[in-house]
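Undergrad: Just a sequence and a predicted model for now, questions to come.
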Amino acid sequence: MEEILNAYKFTAEKYIEDDGSVTLSLNGIDLVENGEDEQKAKMALGKAILEYSADYYNDYAFYSHSPNRKGHIPYIFKALLMDSPERIGESILITTYKK
């Protein structure tokens, strides 16, 4: 299963805030986290992804039939298989948002 889901990547846009902190916005899933640096923001986003994935899985009948969340399914299973906020956070590919 991990090999099948390898094609799905967690990607996020990075925003540098006025206070120097980093905000990451996950592409494709409406999750946003902030940290004092990129590494801390990635770890926070990894944790948020895993928590969202657990919620999705626990109420699969609801989430999987919601038109704006149906496309999340492969990412949910990928996160649940990874089963580690640190692993998920480290896997996030970042692009910097240019103002």
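TA: Okay, I see it.
Undergrad: Ile88 - that's part of a helix, no?
TA: Yes. With DSSP: H, G, I helix; E, B strand; the rest coil as the criterion, Ile88 is assigned to a helix.
Undergrad: That one: what's it in contact with?
TA: Listed by C-beta atoms under 8 Å, 6 or more residues apart in numbering, the contact set of Ile88 reads Phe10, Leu45, Gly46, Ile49, Leu50, Ala79, Met82. Any C-beta I mention is one placed from the backbone N, CA and C, and that applies to glycine too.
Undergrad: just checking, the fifth one touches Ala79?
TA: Yes. Distance between Leu50 and Ala79: 5.5 Å, which falls inside the contact criterion (C-beta atoms under 8 Å).
Undergrad: do you know how far the spatially most central residue of the chain is from Ala61?
TA: Using C-alpha atoms, centre = their mean, the residue of the chain that lies closest to the mean C-alpha position is Ile49, 4.3 Å off. When distance is defined by C-beta to C-beta, to the nearest Å, Ile49 is 21 Å away from Ala61.
Undergrad: CA atoms of the longest helix along the chain as PDB?
TA: Secondary structure of the chain per DSSP state H: the longest helix is helix 38-58. C-alpha atoms of helix 38-58 as PDB (Å, rounded to 0.1, in the frame of the first residue of the first chain):
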ATOM      1  CA  GLU A  38      10.100  26.100   9.100                       C
ATOM      2  CA  GLN A  39      11.000  22.900  11.000                       C
ATOM      3  CA  LYS A  40       8.600  23.700  13.800                       C
ATOM      4  CA  ALA A  41       5.900  24.600  11.300                       C
ATOM      5  CA  LYS A  42       6.400  21.300   9.500                       C
ATOM      6  CA  MET A  43       6.200  19.400  12.700                       C
ATOM      7  CA  ALA A  44       3.000  21.200  13.700                       C
ATOM      8  CA  LEU A  45       1.500  20.500  10.200                       C
ATOM      9  CA  GLY A  46       2.600  16.900  10.400                       C
ATOM     10  CA  LYS A  47       0.600  16.600  13.700                       C
ATOM     11  CA  ALA A  48      -2.400  18.400  12.200                       C
ATOM     12  CA  ILE A  49      -2.400  16.000   9.100                       C
ATOM     13  CA  LEU A  50      -2.300  12.900  11.300                       C
ATOM     14  CA  GLU A  51      -5.100  14.200  13.600                       C
ATOM     15  CA  TYR A  52      -7.200  15.200  10.600                       C
ATOM     16  CA  SER A  53      -6.600  11.700   9.100                       C
ATOM     17  CA  ALA A  54      -7.700  10.000  12.300                       C
ATOM     18  CA  ASP A  55     -10.900  12.100  12.400                       C
ATOM     19  CA  TYR A  56     -11.500  11.300   8.700                       C
ATOM     20  CA  TYR A  57     -11.000   7.600   9.200                       C
ATOM     21  CA  ASN A  58     -13.200   7.500  12.300                       C
END
